[in-house]
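how would this look folded up:
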Amino acid sequence: MLQEIDTNIWQGRVDHEDGDNGLRWHQRLSRTKNPIDYDKAIVILGFACDEGVHRNQGRIGASQGPDHIRRSLASLTCTKQFNFFEYGNVVCVNNKLEDSQEILAYHINNILERNGRPIILGGGHEVAWASFSGIQKYLAKKNKSPNMGIINFDAHFDLRTPNSTSSSGTPFRQCNEYCQQQNLPFHYFVVGINPSSNTHALFDYARKNNVKWLEDTEVYEGNNTKIYQQLDDYIKDLDYLYLSICMDVFNSGYAPGVSAPAALGIEPQIAIKLIRKIKSLCAKHEVHLLLSDIAETNPKYDRDDQTAKLAARLVYEIVTRDY
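Predicted structure coming up:
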């Protein structure tokens, strides 16, 4: 079910003395409803669901994440040229995860068809299957079978088998199975894997399916040159990219409000530099970043919205800065 957002959530400080040089996100929210053409503007769509986290035996509460991220986005700075649209929240009703994923995929396709740039705010990482499905609906209608890659900042592969039931731990395996059925390549790169939280079976599956990954201990400042080259090699042959960020990839000191907190994790500064590099490589190789989503922000366990604020900063890096 799609619910409208009370636009009062988009409010914050106003710097009158700075004029057009002191604008913030809440001041650039477009009030146009359902435009025919978004004209490449950002479209914010929430996924208020943590049924997948519940099924995966995680800490529930991420269904409240989208609105907390919105509040943290509201006062972030922007230029006069920036504007965005609010689409609403897809809400999981009566624990019907698969129905809510299908609804989210439908609306993602709708945004892409109308020339929008969707940013999906989760919600559990089961959002990824919906994001991927929405992209595939869009590409299928364009009669294209392109090379689409997925880069996932995550402590977990999320490649668990969905044979019994899908969850926040299964989305990228579902993506791979779809690609196999449709005779499409599966390009998947995970940044920040915690080897102690992924079984040998998951590593075996990843190897057999040509998944690329970096462990959390490999993601540090002194290793950036090597990582940049790996990202370049990965992105250069793609046509489209889907970027997913699970907040549990970060050390719990930076992101306490998640479903599965990390004792080690990676540093936000490194992730931001990698996001900037990914954007620059997409520009360099003419790869279209179709969609980004943020998963597993769990306000129930957050401190002073610290995790939501970090999620908002990541969105800011994705959508308002060019390199």
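
Correct me if wrong: residue 87 contacts residue 104.
No: counting by C-beta atoms under 8 Å, residue 87 sits too far from residue 104 to count as a contact (10.4 Å). Just so you know, the C-beta spots here come from the backbone N, C-alpha and C atoms, and that holds for glycine as well.

what about those two, which has more around it?
Higher neighbour count among residue 87 and residue 104: residue 104, with 31 against 23, using other C-beta atoms under 10 Å.

And for residue 185, the neighbour number?
For residue 185, using other C-beta under 10 Å, the count is 14.

Distance check, residue 123 against residue 246.
For residue 123, the distance to residue 246 equals 11 Å [C-beta to C-beta, to the nearest Å].

pLDDT value on residue 144, please?
Note for residue 144: predicted pLDDT of 66.

shared neighbours, residue 123 and residue 246?
295-296 (C-beta atoms under 8 Å, 6 or more residues apart in numbering).

so where do the strands sit in this structure?
For the chain, the strands defined by DSSP state E cover 2-3, 42-48, 84-91, 117-122, 148-153, 187-193, 212-215, 240-246, 288-295.

so which of these comes closest to residue 27?
Closest to residue 27 of these is strand 84-91 (C-beta to C-beta; 10.9 Å).

Export the strands of the chain as TSV, with columns for distance to residue 166.
Shown next, in TSV, are the strands of the chain (distance: least, C-beta to C-beta, whole Å):
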stretch	distance to residue 166
strand 2-3	21
strand 42-48	14
strand 84-91	16
strand 117-122	15
strand 148-153	17
strand 187-193	17
strand 212-215	22
strand 240-246	16
strand 288-295	14
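
I'd like these laid out as JSON lines, including distance to residue 252 and mean pLDDT.
Listed next are the strands of the chain as JSON lines, based on distance: least, C-beta to C-beta, whole Å; pLDDT from 0 to 100:
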{"stretch": "strand 2-3", "distance to residue 252": "31", "mean pLDDT": "90"}
{"stretch": "strand 42-48", "distance to residue 252": "23", "mean pLDDT": "97"}
{"stretch": "strand 84-91", "distance to residue 252": "26", "mean pLDDT": "96"}
{"stretch": "strand 117-122", "distance to residue 252": "18", "mean pLDDT": "97"}
{"stretch": "strand 148-153", "distance to residue 252": "15", "mean pLDDT": "97"}
{"stretch": "strand 187-193", "distance to residue 252": "13", "mean pLDDT": "98"}
{"stretch": "strand 212-215", "distance to residue 252": "17", "mean pLDDT": "98"}
{"stretch": "strand 240-246", "distance to residue 252": "13", "mean pLDDT": "98"}
{"stretch": "strand 288-295", "distance to residue 252": "16", "mean pLDDT": "97"}
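
May I have the distance across stretch 152-161, first residue to last?
End-to-end distance of stretch 152-161 (C-alpha to C-alpha, to the nearest Å): 18 Å.
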